[in-house]
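Undergrad: Give me a 3D structure for the following:
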Amino acid sequence: MTTATTDIAPIRATISKWYYKELWDWDLDKMANVEELSSFIELGTFLKSLLIAANGDGKLSEAERKWVIGRAATAGAPESLLKELETYPANQDISEVVTSTNVTSKGRRAVIYFAIKAAAADAEYAEGEKATIRKMAKAIDISEEVVKEIEDLCLEEERIKQKRISLCLPEGDPYN
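TA: The predicted structure follows:
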């Protein structure tokens, strides 16, 4: 089983700890077992599910793949898994993949959240991607109403991101 572990370079471990604190307010230094990070779903299966969702429209874009790999690296995924994701075709049945490992009730909604974020990483959340995410949600017992709430949350987060950029960088990207 591939999981996020403490067997990563110290700088990546620091990045991962910051990421989980920022995202979920988890203090990994206080967790009894860092393996718990991936206990809600096996990491490789989780990340492949995100790529399959992003490929729901039949077009896995470079932006979507980069988003998943970037998220994986930030979260502490091992190099071998990152390499595998670079060429993973993302053409398996989403229901079979997402149910191939145990998804606990604590992590099911987060799987849907990240699938939506991955699918929208190319600035397009296509109907095929939405259908694939709904198929995924049904397979892990998440209602349509909850999926819609998570979609709305993702849209709201994108609006806030754009507002932050406009407010903090009114003259545009300082690096371009």
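Undergrad: Quick check: the spatially most central residue of the chain vs residue 46, distance?
TA: Residue closest to the mean C-alpha point of the chain, counted by Cα atoms, centre = their mean, is residue 114 at 3.4 Å. Noted for residue 114: a distance of 8 Å to residue 46, by Cβ to Cβ, to the nearest Å. In this view, the C-beta of every residue, glycine as well, is placed from N, C-alpha and C.
Undergrad: same thing with residue 56?
TA: 16 Å.
Undergrad: show me the biggest helix of this protein in terms of residues.
TA: Ranked by residue count under DSSP state H, the longest helix found in the chain is helix 144-168.
Undergrad: In it, which residues are buried?
TA: Buried residues in helix 144-168, counted by 16 or more other Cβ atoms under 10 Å: 147, 150, 151, 154.
Undergrad: separation between residue 52 and residue 87?
TA: Distance from residue 52 to residue 87, by Cβ to Cβ: 14 Å.
Undergrad: Who has more neighbours out of the two?
TA: Neighbours were counted for residue 52 and for residue 87 using other Cβ atoms under 10 Å; residue 52 has more, 29 against 7.
Undergrad: which is the next helix or strand following whichever helix or strand the more buried one is part of?
TA: Assessed by DSSP states H and E, residue 52 sits inside helix 43-54. Toward the C-terminus, helix 43-54 is succeeded by helix 62-74 as the next helix or strand (DSSP H and E).
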